[in-house]
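> Let's see this in three dimensions:
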Amino acid sequence: MHHHRLRSWPDLWFAADNRLKHVLLKMGLGDQTLTLKDLPPRPVGGGVADPTATLSDEILLRILAAVPESLRLPASLVCKRWLRVVGRLRRSLTLLDWSLIGRRRLPLRFPDLTDLDLVPASFASPSAAAAAALCKGCVLLTVGPVSVAVDIGVDLPVGECRFLEPAAIDRGLMTVARDCPGLRKLSLVAVASEAGLMSVAGGCNTLQELELHRCSDLSLRPISAFNNLQILRLVGSVEGFYRGPGVTDIGLTILAHGCKRLVKLELGGCEGSYDGISAIGRCCMMLEELTISDHRMDAGWMAALSFCVNLKKLRLQSCRRIDIDPGPLEHLGTCPTIETLQMQRCQLRDKRSLQALFMVCEAVRNLRFENCWGLDNDMFGLASICRRVKFLSLEGCSLLTTEGFESVALSWVDLQRLAVVSCNNIKDDEVSPSLSSLFSVLKEFKWRPDTKSVLAMSLVGTGMGRGGRFFKRI
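Model (predicted):
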C-alpha cells in the first residue's frame, strides 16, 4: 500500500499554475537571482514543496505585487501567510460589516489602507422578520453601489433607511482614527457627534478627500479640523434612499470658512442660496471644480458663481431646474477661468435660466450634454453665447435636430473636437456640405447619432485617422 502525503494549498497552487514559479525563477532580487538549485528539494512522495517558504515577506510582497489584480483574491486563499501579505497590497476598501471595526481587524488584515468607504456598513442590520423575508426572495433596496435590506418590521416611510446608533458610529470612527492613520480618502455617514469627526481629523493627518452622507449644518462644524482637506463631497439626502436634515447657507458658510484649501467640491441634495455659494467663492480661492447635483437652491444662487474666480469645471447632475429666477442678466457676472461645463440628466426646459448659465460660463472651452431633457433646437441655440468652444459632446439629446445642431456648430470657429452619440433626430442625410467641411478639419470626431448612421464609415480613408466611428487627426 502506498501512502501519499496530504498536499497543502501552496502545493496545489504551484502544481496547478506555474506562472508564479516562473516569476520566482526569473525575478532579480538584489544582487542575486533565484535558480532551481536555490529552491528546496522536491519531497519524497509526489508532493511539491512551497518555493516561497524561504523568502522574506518583503520579497514575497514584491512577487505578489506583479500578479494581476484579478488573481490576487485566489492568491490570498493559498495559505495564511499569503492572505496576510496580499492584504498589504490593498489600498482601497468598502466595508460592509461595522463589527469588523470593533474587532480591530482592519489594521491586521489591511495595514496600508488609504481609501476607506464606511457608508454601506453604517446602515442598521434588518430585524429578524426582515431577514426571514429576505431569505424568501425579498428585493434589496439598491442605489448606486450600495444595497440595503429594508426592514419591513419597522414602520418607516418609503425611502427612509435606518442607520446605526450615533454612539456606535462615534466609537467606530475613533477606532478608525487609531488603526488607519494613513488614510487619504474616507466616506462615512454624518450621524455621529462632533467627537467622531474630530478624532478622525486628529488621527488621520494625511486625509485629503472626505465624503459625508446625510450631513447637516451641525455636522460641518468640525470641518476646519481637517487641515489637508482638498476634496469634499456633501450629500444631504438621496431620493428613494434616505432623507437628511440637509445643508443650508449656514452649513455652506461654515464650510467656506473652515476649508479654504478646497480644490474640488460636490454638493448633492443640498439647499442654499446666493449667500452660501458666494461665501464659498470668496473664501475657497483655490476651488477649481464644483459639482452640484439634485440641488434645492433658492432663486438667484447662480449669480454667486462669479465669485469663484479660479473655477475651471462646473458640473450639474440630476437637477430638475437650474435657477428659477437668476435675476437681471446684466448683474450675473462671469467665471473668467471656466474651461468645462458639463450637464448630466438635467431638465433644461427654462430658457431664461439656461441663458443665464451660458452667460456665466461664456468663456467655456469644453461643453458636454448627457441625457438632458428638454434640450431642443431653441434651447441648444442659446449655447452660441459661448463663442470659444473647442470641444462639444452630445449624448442622448433626442429632441435636437440636424438643423439646430448645425446652426450652433458652424458658429464656433475654434471647434476642434466633436462627439455626437444617441441623438436620434440628427440624421446623416441631412448633413449639409458646410457641416461636412467642418467634419473634415476636426482633430477628433466621434459620430454615432443612431444605429443607422453610415457617415462615419464613409469618411474612412479620407486622412482623418484610423477606422471605426472615432477619428483622430494625426
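> need the next SSE after the helix or strand of the chain with the lowest mean pLDDT, C-terminal direction.
One helix or strand of the chain scores below all others by mean pLDDT, DSSP states H and E: strand 32-33, with a mean of 42. The C-terminal neighbour of strand 32-33 among helices and strands, as given by DSSP states H and E, is helix 57-65.
> Give the buried residues for that next one.
Neighbour-count burial for helix 57-65, counted by 16 or more other Cβ atoms under 10 Å, picks out 59, 60, 63, 64. All C-beta spots, glycine's among them, are computed from the backbone N, C-alpha and C.
> helices or strands up against that helix?
Contact analysis of helix 57-65 by 3 or more Cβ pairs under 8 Å, 6 or more residues apart in numbering; DSSP states H and E lists helix 19-26, helix 80-87 as its packing neighbours.
> buried residues in stretch 97-115?
For stretch 97-115, by 16+ other Cβ under 10 Å, it's 98, 101, 106, 109, 110, 113, 114.
> related to what we said a few turns ago, list just the nearest of the buried residues of helix 57-65 to residue 229.
Distances from residue 229 to the buried residues of helix 57-65, taken as Cβ to Cβ, are shortest for residue 64 (33.1 Å).
> so how many other residues sit close to the closest residue to residue 371 other than its chain neighbours?
Closest residue to residue 371 in three dimensions, ignoring its sequence neighbours and counting by Cβ to Cβ, 6 or more residues apart in numbering: residue 396, at 3.8 Å. Neighbour count of residue 396, defined by other Cβ atoms under 10 Å: 16.
> these two touch, right, residue 396 and residue 368?
No - with contact defined as Cβ atoms under 8 Å, residue 396 does not count as touching residue 368 (11.4 Å).
> Give me the helices and strands touching the helix or strand hosting residue 393, please.
Using DSSP H and E, residue 393 maps to strand 391-395. Applying 3+ Cβ pairs under 8 Å, 6+ apart, we find strand 391-395 packed against strand 366-370, strand 417-421.
> now do 10 Å
Judged by 3 or more Cβ pairs under 10 Å, 6 or more residues apart in numbering; DSSP states H and E, the packing partners of strand 391-395 are strand 340-344, strand 366-370, helix 402-409, strand 417-421, strand 444-448.
> Let me have these in CSV, extended by mean neighbour count, distance to residue 356 and mean pLDDT.
Shown next, in CSV, are the helices and strands packed on strand 391-395 (neighbours: other Cβ atoms under 10 Å; distance: least, Cβ to Cβ, whole Å; pLDDT from 0 to 100):
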stretch, mean neighbour count, distance to residue 356, mean pLDDT
strand 340-344, 20, 13, 97
strand 366-370, 20, 16, 97
helix 402-409, 19, 18, 95
strand 417-421, 19, 26, 96
strand 444-448, 19, 30, 93
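> May I see the ones you listed arranged in JSON lines, with distance to residue 379 as well?
As requested, those are arranged in JSON lines below (distance: least, Cβ to Cβ, whole Å):
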{"stretch": "strand 340-344", "distance to residue 379": "11"}
{"stretch": "strand 366-370", "distance to residue 379": "10"}
{"stretch": "helix 402-409", "distance to residue 379": "9"}
{"stretch": "strand 417-421", "distance to residue 379": "17"}
{"stretch": "strand 444-448", "distance to residue 379": "22"}
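> end-to-end on stretch 395-406?
Stretch 395-406 stretches 16 Å from its first residue to its last (Cα to Cα, to the nearest Å).
> Revised request: answer the last question for stretch 417-436.
Terminal-residue distance, stretch 417-436 (Cα to Cα): 14 Å.
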